[in-house]
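Participant: Please find the sequence and the predicted model below.
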Amino acid sequence: MNAPTTTSLEVLFTPAEFEALSSRDLSGTTCVVFDVLRATSSMITALANGAEAILPAADIPEALEIHRQRPEVLLAGEREGLRIGRELTGSVAFDLGNSPREFTAERVAARTIAMTTTNGTRALKACANARTVLIGAFLNLGALTAWIDRERPSRLLLVCSGTREEASYEDTLGAGALCAAVWSSYASGHVADSAQIAREIYLAAKGDLLAAAGRHARNARRLLEIPELRDDVVFCLRPDAYPILASMGKDGRVRCG
């Protein structure tokens, strides 16, 4: 008789933690990467609006090289929250920033997008050796939960992209929401304290996510102070706005499914 499979549920909070993933065996692990404000929310929105694929780039030169080889690819990304301009590239301004509201069907349908952000694309690339890499956001929380309930991955690792080099409250909320949603499937296995922490933070805040983010999330407060970006916070905190699952394949492309 085969021994029962032991499940594990863990959350990583900071870039230092996800950058250390190269030393871990992820071959049997499903990673879910959260950058709620705003990279993973923008990816989900782009795919929901018909984008063909997204190519996460670790930095600006990598994104520019993709564009050099494939001029039809759209460039998207931010530094300090704002769209990357010529002053940072030395050549071209990016087509899109990192506001999910920019990724409309008119702009992105049937297009491939090379995207680089301060933390989110770094986190995705850090998980490249995992068995499965899923894109996490409040916007597709229901689809993520349904996939996990169906596939029952034994090792589930939720990766928060963070803000700069620190933990971020909004990503902790996102990871905590997913922990809460799948808790019954993992509570009897190995549950890291980090998963307990994220879940408790979400349960305390779920009655009013916007108010909680406005009080406690440095990144949310910064966006709320920028008139053209403040609506992104409300946009990104909408649970189940898009019933789609998105994953990063072994070719590095993020697609639906």
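Facilitator: Ah, there it is.
Participant: could you pull out the strands for this protein?
Facilitator: Along the chain, counting by DSSP state E, strands occupy 8-12, 29-34, 53-56, 74-79, 82-83, 112-116, 132-136, 155-160, 190-191, 246-248, 254-256.
Participant: now the second one against strand 155-160, angle please.
Facilitator: Here the directions of strand 29-34 and strand 155-160 differ by 20 degrees (axes from the mean of the first three to the mean of the last three CA atoms, to 10 degrees).
Participant: Okay, now the sheet partners of strand 29-34, with direction.
Facilitator: strand 132-136 (parallel), strand 155-160 (parallel) (DSSP bridges).
Participant: Extract the CA atoms of the shortest one and return them as CSV.
Facilitator: Extracted as CSV, the C-alpha positions of strand 132-136 are listed here (Å, rounded to 0.1, in the frame of the first residue of the first chain):
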residue,chain,number,x,y,z
THR,A,132,3.5,24.5,-12.1
VAL,A,133,3.6,28.4,-11.9
LEU,A,134,0.3,30.1,-11.6
ILE,A,135,-0.6,33.8,-11.8
GLY,A,136,-2.3,35.0,-8.6
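Participant: Tell me where the stretch 1-150 of the chain has helices.
Facilitator: Here the stretch 1-150 of the chain has its helices, by DSSP state H, counting those that start in this stretch, at 15-19, 39-48, 60-69, 86-89, 105-108, 120-126, 141-151.
Participant: of those helices, which approaches residue 193 most closely?
Facilitator: helix 15-19 (13.2 Å; CB to CB). C-beta here means a position set from N, CA and C on the backbone, and glycine is covered the same way.
Participant: Buried deepest among the helices of the stretch 1-150 of the chain, which one?
Facilitator: helix 39-48 (a mean of 29; mean count of other CB atoms under 10 Å).
Participant: packing partners for that one?
Facilitator: strand 53-56, strand 112-116, helix 120-126, strand 132-136, helix 231-236, strand 246-248, strand 254-256 (3 or more CB pairs under 8 Å, 6 or more residues apart in numbering; DSSP states H and E).
Participant: Name the residues of the first one that are buried.
Facilitator: Just to be clear, that refers to strand 53-56. Of all the residues in strand 53-56, those buried under the rule 16 or more other CB atoms under 10 Å are 53-56.
Participant: Just confirm residue 200 contacts residue 176, I think it does.
Facilitator: Yes - between residue 200 and residue 176 there is a contact at 7.3 Å, judged by CB atoms under 8 Å.
Participant: what about these two, which has more around it?
Facilitator: It is residue 176, of residue 200 and residue 176, that has more neighbours when counted by other CB atoms under 10 Å, with 26 against 13.
Participant: Mind pulling up the pLDDT for the residue lying closest to the more buried one once chain neighbours are set aside?
Facilitator: Of all residues not flanking residue 176 in the chain, residue 202 sits nearest, at 2.9 Å (CB to CB, 6 or more residues apart in numbering). On pLDDT, residue 202 comes in at 98.
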